[in-house]
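[1] Using only what follows, build the 3D model:
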Amino acid sequence: MSELLQFTGSSRLNGADTLVDIKGLGIGESSDYNSFCTEQGQLKLIDHRAVKVHEEYCKAVKDLDSKYHNTPDDELGPAKSAFLSFGPVAGKYEGTVFGLGLGCFGKLSAGFNYICTFIARNCAIFYLRGSL
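    Residues are numbered from 1 along each chain as shown. Okay, the predicted model is just below:
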């Protein structure tokens, strides 16, 4: 996911208009929430929730095309076409929704760190260019 946020000197993520969606994870949504320690190599529960955001958008767009435009599953409908215009224009992140997870006790997904770093770098460049 960090490749999606490479700094480009632009105010947009990777130079492209990007959909960002923040999802919450409540206490009753998972009995695993109280387990703050995870096995090494596993995603934390809040990061797992953030990763699911893109999959949910893909399914919703596919359902919209099917229901309102009678688009077969193997064809590109108008909703999917509009969806693909966000994020990088080609490659594995084409049409990517950048998901962020927020837990009920203030736990944040790793994406928040990427976003904060991206904003800080842009602000620093803006400040330095203005003071030169």
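[2] Distance from the helix or strand where Ile119 lies to the middle of the chain?
    Per DSSP states H and E, Ile119 falls inside helix 110-131. Relative to its parent chain, helix 110-131 has a centroid offset of 18 Å by C-alpha atoms, centre = their mean, to the nearest Å.
[3] Packing partners of it?
    helix 45-69, strand 97-103 (3 or more C-beta pairs under 8 Å, 6 or more residues apart in numbering; DSSP states H and E). The way it works is simple: take the backbone N, C-alpha and C, and place the C-beta from them, glycine included.
[4] by contact count, what packs against the first one?
    Helix 45-69 is packed against strand 19-25, helix 78-83, strand 97-103, helix 110-131, with contacts defined by 3+ C-beta pairs under 8 Å, 6+ apart.
[5] Take the helices and strands packed on helix 110-131 and write them to CSV, including distance to Gly77, mean pLDDT and mean neighbour count.
    Shown next, in CSV, are the helices and strands packed on helix 110-131 (distance: least, C-beta to C-beta, whole Å; pLDDT from 0 to 100; neighbours: other C-beta atoms under 10 Å):
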stretch, distance to Gly77, mean pLDDT, mean neighbour count
helix 45-69, 3, 91, 16
strand 97-103, 17, 88, 21
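[6] would you turn the ones you listed into a markdown table with distance to Cys116?
    Shown next, in a markdown table, are those (distance: least, C-beta to C-beta, whole Å):
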| stretch | distance to Cys116 |
| --- | --- |
| helix 45-69 | 15 |
| strand 97-103 | 11 |
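[7] Contacts only, for Ile22.
    100-102 (C-beta atoms under 8 Å, 6 or more residues apart in numbering).
[8] 7 Å instead?
    100, 102 (C-beta atoms under 7 Å, 6 or more residues apart in numbering).
[9] likewise Asp65?
    Per C-beta under 7 Å, 6+ apart, neighbours of Asp65: 71, 77-80.
[10] go with 10 Å
    Counting by C-beta atoms under 10 Å, 6 or more residues apart in numbering, Asp65 touches 71-73, 75-83.
[11] which of the residues you listed count as buried?
    Buried by 16 or more other C-beta atoms under 10 Å: 71, 77, 79-80, 83, out of the contacts of Asp65.
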